[in-house]
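Asker: build the 3D model from these lines:
(chains A and B, ligands or ions: 2)
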Amino acid sequence: MAPLDELKIGGMGASRRRVEDNRFIRGKGNYVDDIVLPAMLHMQILRSPVAHARIKSIDTSAAWEVPGVRLVLTGETMAARNLAWMPTLSYDTQAVLATDKVRFQGQEVAAVIADDPYIAQDACDKIVVEYEQLPAIVNPIQAQKSDAPLIRDDKENQASNKIFDWEIGDKAATDQAFANADVVSKLDLHYPRSHPSPLENCGSIADFDRATGKLTVYMTSQAPHIVRAAVAMVAELPEHMVRIVSPDLGGGFGNKVPIYPGYVVSILASILTERPVKWVESNSENLISTGFGRDVYLEGELALRKDGKILGMRMKTISDHGAFYADAQPTKFKIGLMHSTFACYDIPTAHLVSEGFYTNKAPGGVAYRCSFRVTEAMFFQERMVHAAANDLGMDQAEFRKVNLVGDDMFPYRTAFGFLTDSGQYQKCLDVGMAAIGYDTFKQEQEEARKRGKLLGIGISTMTEPLGAGNSREYDIIGIKMFDSAELRVHMTGKALLRTGAKSQGQGHETTWSQIVAHELGIPAEDIVVEEGDTDSAPFGMGTYASRSTPVAGAAVAMVSRKIRAKARKIAAHLLEVSEEDIEWELGRFYVRGNEERGVTIQDCALAAYSNIPDGLEPGLENTAYYDPPNLTWPFAAYLCKVEVDAESGVWDVLNFVAVDDCGVRINPMIVEGQVMGGLTEAYAMANMQYITFDEEGNCIGANYMDYLLPTAWETPGFELHEVVTPCPHHPIGAKGVGECATVAGPAAFVNAVMSAIEHTGVRNVDMPLMPNRVYEALQTGKDVSGMPPVLSD
Amino acid sequence: MSSLYDVIPPAPPKGVSTRRTTINVNGTSQTLDVEPRLLLADLLRQALQLTGTHKGCDTSNCGACTVLFDGRPAKSCTMLAVQADGHSVETVEGLANASELHPIQEGFKQEHGLQCGYCTPGMMMTAKALLERNPDPTEDEVRWALSGNLCRCTGYQNIVKSVLWAAKKMREQDQEA
Ligand code: FES
Ligand code: FES
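Answerer: Residues are numbered from 1 along each chain as shown, chains lettered A, B, ... in the order given. Ligands and ions are numbered 1, 2, ... in the order given. Below you'll find the predicted structure:
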C-alpha cells in the first residue's frame, strides 16, 4: 500500500483552502446580529455625554410613554437587584449602569427595551438626565496630581487615582550596570491610545427561559467559557443553567475579551421581560466605550559599553487604564507581560517599574492583537535599541547582532526570568537584510539625499511570549490558563472536533482539522470543527494573546494521540497480533515485518462501534486538557524602507520585508494571512490610528471619520519570508503567530522614518507619524512627543 | 431558544405611517410597506432576512453594507429603503446560483481574501461592479476601487489578489463563451 500523502489529505503544511469561507463568501455567516429569535425585543443604551459628572436625577417617564417600549432600566433598577456594578477580569469593579457618577464619556447610564431598535432609540432620546459636571482627568500625569479629583470614590480604601505599583528585576545590579556604563542612552516615548475596532461591533442576545431556568446568551466573545463563569457569578445563576454561545465573530483583536455592561443589561432585560433581548451597539458606541488598547508612557534607559554590548536596562512605564481597570491580565502581572521586553537580547540585568492610573476615559488597556502589553514592550524595546545604536554611532544591524541571543544559548533565561527556548535570531535578520538590500542602503541613502530625497531604513527584531499558560504562572481571575480539545471519531471514520478556543477569523475550522489529519491520517475534509458553545465545547480560556495554536492546537494534537492509542488496541484485535507487533504510518496500522497486513484508522473506527475486543470500552472519542510547559517564543525580523517627502512630511513605504519564525506552520497560507493583517495594523498604528481626548474628556476618534483606519489604497504591500525553528515543547513544534506583526511592526516603520530624518538632530517622533508631525520634526530638528493636540475650530 | 412565542412579523408597529415600496432584490420583485425612516440595510437584513449585508459603522465609512443599486455599488446603510422604490438591488446572496459560485467568490476563497468574513460581502459587491466596468484592472485600480471598503483582518493584499484572480477567470470565461 502506498503511504498516504499528507498534503493531499490536508495535513500539516498544506495551504488548505478554508472551510469557513464556504459560508462567508455566500453571505451565510452567522454573526450575533444575524440571529433572530422568536418574540425577540431590542435594546439600546443611553450613554453619558460628559466624561466626569455626578448624576443628579434621571427621568425616564417620557421614555415609558413611547409606544412599543417594554422596559426602561437605570442604575437604580440594576442596584435593586445588586447588578449596578460587576467585577472585572482584573479584580476591579465596573459600573453596569451608572448610579452615583459617570466616569467617562460614553458610559452606560440607562437602557430601553422595545419592539424594534428604532423605537428603543427614540425612547432613549426621551430620557432626561441631569448632570453636575466635575473636572475631567484625561491622562495619567493629571491623575497623579495631589489635588486631582478622585475618580473612583465608589471604592473603599481608594485614596488616589493610582491603580497599582508594580516592579520586577534587580534594582541594585541594574544601578551598578549603569554606574559602569560607557554610555547611557535615554528615550522617553508614548504609545498612543488606539482601538482594536474589529469590523463587527459588540452585541448580545440574552434568552432567559423561565420554564427551565436556563439562560442562553449569544454574544460577541473571544472567551465564552470565562464569560459563563462570570455571568453565573454576577447574575447568581447556577453555572449549568448558563449557556454562552459565541457564533461567528467579525474580528476581535482583544476587543471582545472583556465583559461589557451591555451584555449584563441584556441579560437582566431578558429575565424581566421573559423574552429574548438583542443588543447590538453602533460603531460609535464601540469606539467610545469598549476596550481600548495601549496608552502607555515610557522612560527608558540602556547602559552601554563602547563596543555595543548592552550592560543593563531600566524602564519606567505609566499606563492609563481609564475609569475601570477592566482589561484581562494574568493575575500576577499588573502590566501584563511588559517584562518580556528585551527578551531577544542577552542582557545581564534589568529593572522595570510600572504604575497604572485611573482616568476619565473608557476602560482601556486590552491586549489589542497582543499578548498582554507585549506590543508596548517590544515597541519600546526596538525604539530604545534604535536610539542606542545611534548614540554609540553604530550600525543598526550590527548593534543588534552584538546583543541578540545566539542559537547556542538556548534555553536562555532573560533578565526578568522568562525562559526562551529556541530560535535563529541572527539568521532571520540576515534573511531580511539580504531581501531588502541592507548592505547597499547607506550608499543609496546618500545618493538620494543629494537629489533632495530622504530615504530611511528601519529594523525591528523581537521574540515575544505567546500562548499563556502555563497554569503555574498564568490565570485570569483565578482560572488557570490551559485549553482543551474533544474528538469524536464516528463509525465511518468521520470526526467531530471541539475546542475551548474561539476563532474570530483565524480559521480554526480549517487548521484544527489539519492537525488531526496529521496525527491520525483522517482527511481534513472528514473532520468538522465546532467552537464557541459552552454547552458543547470543553472548557477553555478562549482565543487571544496568540494562544490558540500554542495551547488549544496542542490539545488537538494530544487528543488525537489518545485516539490513536486506543485505535492501536483495536488494530491489534483486528489483525490478531499483540499491540507490540504493530507499527503506525499515517492513517494505518500494520504488522511489523508484514506491511501488507494492516488496517486503516477508518477500519478501527468502525470496529470501535461494531467489533470491540473484550475488555475495551466501545466508542472512539476522548478529551485532552493541555497545560503548556512554557510559552512559545516566535521571532520576527522586520525591515522597512521608506521615503520621506521633505516638503510635506508625507512618507511612503518603498519596501517592507517580514521574516517570521513561528516554528512549524500548520497552514502556511493562513500564517501569511495573519502576518499581512498584523502588518497592516502596525502600519496603521505608526501612521494614523490613534484616539485622543480634549481637556474635557471628549473622545476625539468616536467614529471612522475621526479615527482613521487604512484602506486598500494606503496600505503598502509586504514581502514575507520564513525561517522555521520548531518549538521544542509544543507537540507539533508550532509557535503562536497571530500578533507578531502587530507587535514587531510599528517600530520598523517608525525606525525607518527616523532613519530618514534623524540627520537633522531629531531623536524621536511619537506615533502617530502624521505628515505634519514629521514635517515639524524636520523643520525644527526637535522631537515631537505625546498625542497630537486637539485642534478646536 | 424559546418556542413559546410566535415570530414577530417584520412589519412596522401599529400607528406608524408606511409607504408601499417595490424593490427588485436579486432578481425578485418584492413589495413591502416600509416605514419611511427605515434604512435600506435594515430592510434587507430584518424584513428580507438577507443578513449577508453587514453593518460595521454608522458613518458610511466601512462599506460592509455595500450592495449594487441598479448595478452600482452603494452603501445600503446610507440610503432609506423607500429610496429604492422602483430600483434593483443586488446583494451577496445573489452572487452564486444554486450550483456555481461566482468567480469573485471563488477568487476570495482561492487567494485567502477573507478571514473573519465580515467585510467580505461588501468587498465582493464592490469588486463585481469594478470588474463589470473594467474587466482587466491593474493592482492600483483594484486598490482604488476598494478604497471605500474597510477590512481589519487581511491587510488587503490577498483581497486584491482575489479580485485579480476573478478578473482573469471572468475574462477566460468570456473568451470561451
Ligand atoms: S455600515 Fe454602511 S458604510 Fe459602514
Ligand atoms: S476579513 Fe475581517 S474585516 Fe475583512
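
Asker: which residues sit in contact with whichever residue of the stretch 401-550 of chain A sits closest to ligand 2?
Answerer: Here the stretch 401-550 of chain A gets closest to ligand 2 at one residue, residue A:505, 5.1 Å apart by Cβ to the nearest ligand atom. To be clear about C-beta, it is placed using only N, CA and C from the backbone, and glycine gets the same treatment. By Cβ atoms under 8 Å, 6 or more residues apart in numbering or on different chains, residue A:505 lies in contact with A:249, A:250, A:251, A:252, B:114, B:115, B:116, B:117, B:153.

Asker: what's the helix or strand for it?
Answerer: Residue A:505 belongs to no helix or strand when assigned by DSSP states H and E.

Asker: in JSON lines: the contacts of residue A:505, plus distance to ligand 2.
Answerer: Putting the contacts of residue A:505 into JSON lines (distance: Cβ to the nearest ligand atom, whole Å) gives the following:
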{"residue": "A:249", "distance to ligand 2": "9"}
{"residue": "A:250", "distance to ligand 2": "6"}
{"residue": "A:251", "distance to ligand 2": "5"}
{"residue": "A:252", "distance to ligand 2": "10"}
{"residue": "B:114", "distance to ligand 2": "5"}
{"residue": "B:115", "distance to ligand 2": "4"}
{"residue": "B:116", "distance to ligand 2": "3"}
{"residue": "B:117", "distance to ligand 2": "6"}
{"residue": "B:153", "distance to ligand 2": "3"}
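
Asker: and residue A:588, its phi and psi?
Answerer: Dihedral angles of residue A:588 (phi, psi; degrees, to the nearest 10) stand at phi -160, psi 140.

Asker: relative to residue A:582, how far out is it?
Answerer: 10 Å (Cβ to Cβ, to the nearest Å).

Asker: and residue A:169, by the same measure?
Answerer: Relative to residue A:582, and taking Cβ to Cβ, residue A:169 is found at 53 Å.

Asker: ok, residue A:166 next?
Answerer: 54 Å.

Asker: repeat for residue A:604
Answerer: Counting by Cβ to Cβ - residue A:604 and residue A:582 are separated by 11 Å.

Asker: mutual contacts of the two, please.
Answerer: In contact with both residue A:604 and residue A:582: A:571, A:589, using Cβ under 8 Å, 6+ apart.

Asker: buried stuff in the helix or strand harbouring residue B:162?
Answerer: Residue B:162 belongs to helix B:157-176 when elements are defined using DSSP H and E. Neighbour-count burial for helix B:157-176 flags B:157-167, B:169-170 (criterion: 16 or more other Cβ atoms under 10 Å in any protein chain shown).

Asker: just give me the closest of the residues you listed to residue A:185.
Answerer: Nearest to residue A:185 among those is residue B:157, at 36.1 Å by Cβ to Cβ.

Asker: so what's the closest residue to chain A within chain B scoring on pLDDT?
Answerer: As assessed by Cβ to the nearest Cβ, chain A sits closest to residue B:52 within chain B, at 1.9 Å. If you check residue B:52, the pLDDT there is 98.

Asker: can I get the helix holding residue B:162 in PDB, CA atoms only?
Answerer: C-alpha atoms of helix B:157-176 as PDB (Å, rounded to 0.1, in the frame of the first residue of the first chain):
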ATOM      1  CA  GLN B 157      -3.000  42.200  -0.200                       C
ATOM      2  CA  ASN B 158      -5.000  39.000  -0.600                       C
ATOM      3  CA  ILE B 159      -8.200  40.800  -1.300                       C
ATOM      4  CA  VAL B 160      -6.500  42.500  -4.300                       C
ATOM      5  CA  LYS B 161      -5.200  39.100  -5.400                       C
ATOM      6  CA  SER B 162      -8.600  37.600  -5.100                       C
ATOM      7  CA  VAL B 163     -10.200  40.300  -7.400                       C
ATOM      8  CA  LEU B 164      -7.400  39.900  -9.900                       C
ATOM      9  CA  TRP B 165      -7.900  36.100  -9.800                       C
ATOM     10  CA  ALA B 166     -11.600  36.600 -10.500                       C
ATOM     11  CA  ALA B 167     -10.900  39.100 -13.300                       C
ATOM     12  CA  LYS B 168      -8.700  36.600 -15.000                       C
ATOM     13  CA  LYS B 169     -11.200  33.800 -14.700                       C
ATOM     14  CA  MET B 170     -14.100  36.000 -15.900                       C
ATOM     15  CA  ARG B 171     -12.000  37.000 -19.000                       C
ATOM     16  CA  GLU B 172     -11.300  33.400 -19.700                       C
ATOM     17  CA  GLN B 173     -15.000  32.500 -19.400                       C
ATOM     18  CA  ASP B 174     -15.900  35.400 -21.700                       C
ATOM     19  CA  GLN B 175     -13.400  34.100 -24.300                       C
ATOM     20  CA  GLU B 176     -14.900  30.600 -24.100                       C
END
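
Asker: and it, what does it pack against?
Answerer: helix A:668-687, helix B:103-110, helix B:120-133, helix B:139-145 (3 or more Cβ pairs under 8 Å, 6 or more residues apart in numbering or on different chains; DSSP states H and E).
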